[in-house]
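Peer 1: Provided below are the primary sequence and the corresponding predicted coordinates.
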Amino acid sequence: MMKAKILGIFGLFVVLCVFMTLMTSDPWYNISTSKFLLAGNIQNLLSRTAMYGILSVGVAFVIITSGIDLSIGSLVCMSGVLLAMFLHVEYQPAVSSTVTQVSADSNQLTLPNAVTGITVGDRIRYSGGRRAPTQLLTVRSIDGPTITVEEDLSRDDTQGTIALAATVKAVERFEEEGSEHGAKIVVAGRHDLQIRDQLTLVHPTSGIKTEQITRVEVSMESTTVYLRNDPGERLTADWLAIPLKRHQRMPIPLALSFVLLIAGALGLVHGLLVTRVRLQPFVVTLCGLLIYRGLSRWLTDDNAAGFGEYSDTLCQVGSGLLIVYTNAAGETFGIPYPFFFLAAIGTVAAIFLNRTIWGRYLLALGRNEEAARFSGVNTGNVTLLAYVVCAVLAAVGGMLSALNSVTISPSSYGNFFELYAIAAAVLGGCSLRGGEGSIVGVIIGTAVMQILNNLIMLLKISGTLEYAIIGSVILAGVIADEIVKRIAAERRLRQRLQ
Amino acid sequence: MTDSSAVRRLEVRNICKSFPGVRALNNVSLHLNQNEVLSVVGENGAGKSTLMKILAGVQKQDSGDILLEGQPVGFRTVRDALDNGVALIHQELNLADNLEVGANIFLGREPLRRGLIDDDSINEQSAEFLRRVGLEVSPRTLVRELTIGQQQLVEIAKAVSIDARVLIMDEPTSSLSAGESERLFEVIHDLRRSGVSMMYISHRLAEVQHLSDRVTVLRDGENAGHLQRDEVNHDSLVRLMVGRDVSRFYSRQPHEAGEVAVQVKDLATSTWPAHRLNFEVRAGEIVGVAGLVGAGRTEMLRTLFGVDRPLAGEISVGGQTVTLKSPEDAINAGIALVPEDRKQQGLILEMAIRHNIGLAGLRRNALSGGFLNFAQERRDTTEMVERLRVKTPDSEQLAGNLSGGNQQKVVLGKWLALRPKVLLLDEPTRGIDVGAKQEIYQLMDELAGLGMAILFVSSEMEEVIGMSDRAIVMHEGRITGQLQRDELTEEGVMQLATGTAKSHEERKTG
């Protein structure tokens, strides 16, 4: 039964691939001209299949228990948002303080605590006042929490911040392999700076510029800093440099684990509500859909969340390619990293479902929960497990997809993902009545969905028809499945009567 | 009693009906006169229910004729049958319990006024029909607020409301109390007087003797005989129903009972929290549990198997007190249950025989890391299919494709593969054919011989008397008595099963 279903969906997959290849070739028999087979297109398809496939494998577990999970899309969004929050990076001046009082009469700044790290003669930058303008100042004297400056302060104020600035001793441009137009800047004093910290360069009249640091050399009286980009011709030695320290909220492994942990906990809550409180899965996860979407938007104030800081590092996990083939012309074909995630997750899931007792329990209780319970299966815990797996995989898919797109908008990211995942699972042989499903089928089902999406783009069909086309294909698929099932059942019955 | 020249209201000629693997009816003929109560009796699987379903248009016969008032008819649907005045009252009632009594009586043919349902008319007319069946409730009462007996009367009122001339009742008293049954019999007498012909299906012989003008006996899907009112008595009925010597049908070898295998002390179940149950079953002993439907027998087994939580009391297996919070615990303690509802609780019909037999032992047989032990599963399946003589081409067949008897063998196989110490059976032979029944009796005897403790619930008196070393009789949640094998008589069991109340059965059989 299951094998027939997998063959069916695989057949559809092959037919679609052939159709797409021929339709996008010109003339149709010269497949080397096919746009469908372009490396970029295939890479894109693999990448999308991987990310949606992970979600589909997760929801397949829940569907096998005859449940449903509608919260996937919102969980995808929340995982992306949480990861962005946990990995949020701030740059703060190495020596800085808030200011509680600005007095124009006496040219004094008052800090909340006694002044540390600043000495007489140092240059400081005042900014962030409500009325007093941003100014570069020189320290004349320090008395406890009060700093008197050389310059005239034009207005009183009650807020703002100061940061220690260092004088720039020398500026030198260089060109190095790999980094274009870098700049080497010698700054007075010893500064505890590291790669990926930043340097803000300010000039009283010429402006302000912040650049990332790529190398640091510290000597007795000065610090030499290499900047990724040349701040420009105007930069000269009379500028001031404010060293900025990079603060990352959490190390990457910790952030990833937290997101997975939170998703797992939410899945556990779903499962407990379904198995212990006996709420309907549809209702529980519909509420999840609303709650997680709302929380995501609230957490970010509805602003885009992103991973710009990590575009060369962590984001590569979502968007990078493992190059497996380079042709004579230097064109390459690579397998997107997320595809390896899908392969690993799919393999583990398939082994779990077909080779372990819990997989068998899952299939059994999906068919007949009561009979499974009467056979000594702890149906509650197995169902719980399915919801946890689904939520965790939603988080994995959500994070990969977010890293792939670098910036996500919490109001739209992940919308309808749950329906794509459920549709792929159904297309791949899962029955919403439960007890039926295969991981291979689900993954092929996801691929079919992505090819349909690709079809609309490559064949220049109006994008507004996308949902209608996908809907029709799924409907046709399940109708065909049902018809085949009935014919098979009838044939069996007739055989038995003879 | 019966005037042979009376008009035959309904006649059935040479009806045959087969289901995959089973010949349910083979050349069955019978007739029903005007103003007559005809009882149709037979063991489970004799074909009574199938016959009734054909008469009521639920199923279609393969061959044979049905004549109504001498005219051949063929009911394609229930609607057809109703339009011709033939109504079936199912064993399981067919009421929408979220609707009012009146709405149920008129379901599907609601009187309309200006396009809307005319509730006034419904209530007015329903009140009249309810009066005729002697049910004193308002037509506005919700059906779910009624007792089972009252719901049965609503079904009859519904049949009366369509002016049914033939009323077929399938085991109507199976879930009624003695008082409710008594009430039903009065209604039956009234209806007969007002010209309704009735077919009464029951396996309660005392009721059959009390009510019937004539009796038709079916056995294994065939006519076994017809009895006139003056020929109807217990022995003649049993002889025709069983068709063989009862004592040989139930195979028992004498066994020595061993140590106490399971002991129940002051057990309170959630359905009957006020009553405490005390009993024990010894290794090698077969103990039957008799009682009317609703006496709390199934609940007792469910509690012993950890499906329901005990409210109080102590259960010990092999001398060790056990806490049974789930079937898993019970299985680990060496208890197995063959449940009452085979298709819903015993088997996963859409899974292969092999998967069903292996299911309970998955954890026990699992390889390290929780991986399935396919080899062990195949070994167990092969062994069980052979030992229990499951009739199937191979063990990859879906359990749902097997006949009732073979399905029950698969359920038994699932448990025997675990080698339990205590085997609980709830109505082990319900709905299976006579041959498989006998095999199951033999198996029970054999297992007891191997030292298993067997506790089985049965509503078939013959079975309890034939198979038990000792019988526990229950009535409304309490154990009203225990009878040793040599004390077991139908009257004795029935008296205990109906409690102290002077029931209809007692008077008739006493």
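Peer 2: Here it is on my side, so go on. Predicted, not measured: the structure shown is a model, and the values here were computed from it.
Peer 1: domain ranges for chain A?
Peer 2: The record's domain split for chain A, according to automatic domain parsing, is A:2-88+A:251-490, A:91-248.
Peer 1: The first one: how far from the chain's middle?
Peer 2: Going by Cα atoms, centre = their mean, to the nearest Å, the spacing between the C-alpha centre of domain A:2-88+A:251-490 and its chain's C-alpha centre is 15 Å.
Peer 1: Can you tell me the closest non-neighbouring residue to A:Leu279?
Peer 2: Beyond its immediate neighbours in the sequence, the residue positioned closest to A:Leu279 (Cβ to Cβ, 6 or more residues apart in numbering or on different chains) is A:Leu273, lying 4.8 Å away. Every C-beta, even on glycine, is put in place using the N, C-alpha and C of the backbone.
Peer 1: Can you give me the neighbour number for that neighbour?
Peer 2: Per other Cβ atoms under 10 Å in any protein chain shown, the neighbour tally for A:Leu273 reads 19.
Peer 1: I'd say it and A:Gln280 touch.
Peer 2: No. Applying Cβ atoms under 8 Å, one finds A:Leu273 not in contact with A:Gln280, separated by 9.4 Å.
Peer 1: quick one: the residue in the stretch 201-350 of chain A positioned nearest to chain B from A:Gly359, how far?
Peer 2: Of the stretch 201-350 of chain A, the residue with the smallest distance to chain B, taken as Cβ to the nearest Cβ, is A:Val348 at 12.4 Å. A:Val348 sits at a distance of 11 Å from A:Gly359 (criterion: Cβ to Cβ, to the nearest Å).
Peer 1: Same question for A:Ile487.
Peer 2: Counting by Cβ to Cβ, the gap from A:Ile487 to A:Gly359 is 29 Å.
Peer 1: what about those two, which has more around it?
Peer 2: Higher neighbour count among A:Ile487 and A:Gly359: A:Gly359, with 22 against 10, using other Cβ under 10 Å.
Peer 1: Check whether stretch B:282-298 comes near chain A.
Peer 2: No. With Cβ under 8 Å from any Cβ of the partner chain as the threshold, stretch B:282-298 lies outside contact range of chain A, at a closest distance of 12.5 Å.
Peer 1: So which residues on chain B come close to chain A?
Peer 2: Chain B comes close to chain A at residues B:18, B:20-21, B:305, B:307, B:326-328, B:330-331, B:337, B:339, B:344-351, B:355, B:358-360, B:362-363, B:366, B:369-372, B:401, B:414, as judged by Cβ under 8 Å from any Cβ.
Peer 1: Among the residues you listed, which are located in helices?
Peer 2: With helices identified by DSSP state H, the entries of those that belong to them are B:Pro327, B:Glu328, B:Ala330, B:Ile331, B:His355, B:Gly358, B:Leu359, B:Leu362, B:Arg363, B:Lys414.
Peer 1: Count the residues that sit near the fourth one.
Peer 2: Around B:Ile331 there are 25 other residues, counting by other Cβ under 10 Å.
Peer 1: per-residue confidence at it?
Peer 2: According to the prediction, B:Ile331 has pLDDT 96.
Peer 1: is it true that it touches B:Leu359?
Peer 2: No. B:Ile331 is not in contact with B:Leu359 according to Cβ under 8 Å; the separation is 10.9 Å.
Peer 1: which residues are common contacts for these two?
Peer 2: By Cβ atoms under 8 Å, 6 or more residues apart in numbering or on different chains, B:Ile331 and B:Leu359 have no common neighbours.
Peer 1: Tell me the one of the ones in helices among the residues of chain B next to chain A nearest B:Leu488?
Peer 2: The shortest approach to B:Leu488 among these belongs to B:Ala330, at 28.4 Å (Cβ to Cβ).
Peer 1: what about the residue nearest to that closest one when sequence neighbours are not counted, how many neighbours?
Peer 2: What sits nearest to B:Ala330 in space, not counting adjacent residues and going by Cβ to Cβ, 6+ apart, is B:Gly306, at 4.0 Å. Around B:Gly306 sit 26 other residues, with neighbours defined as other Cβ under 10 Å.
Peer 1: B:Gly306 contacts B:Lys325, doesn't it?
Peer 2: Yes. A contact is recorded between B:Gly306 and B:Lys325 when judged using Cβ under 8 Å, the distance being 6.1 Å.
Peer 1: Which of the helices or strands spans A:Lys460?
Peer 2: With the criterion set as DSSP states H and E, no secondary-structure element contains A:Lys460; it sits in neither a helix nor a strand.
Peer 1: repeat for A:Glu466
Peer 2: Secondary structure assignment for A:Glu466, by DSSP H and E: helix A:466-497.
Peer 1: Can you give me the buried ones in that helix?
Peer 2: Using 16 or more other Cβ atoms under 10 Å in any protein chain shown as the test for burial, helix A:466-497 gives A:Ile470, A:Val473, A:Ile474, A:Gly477, A:Asp481.
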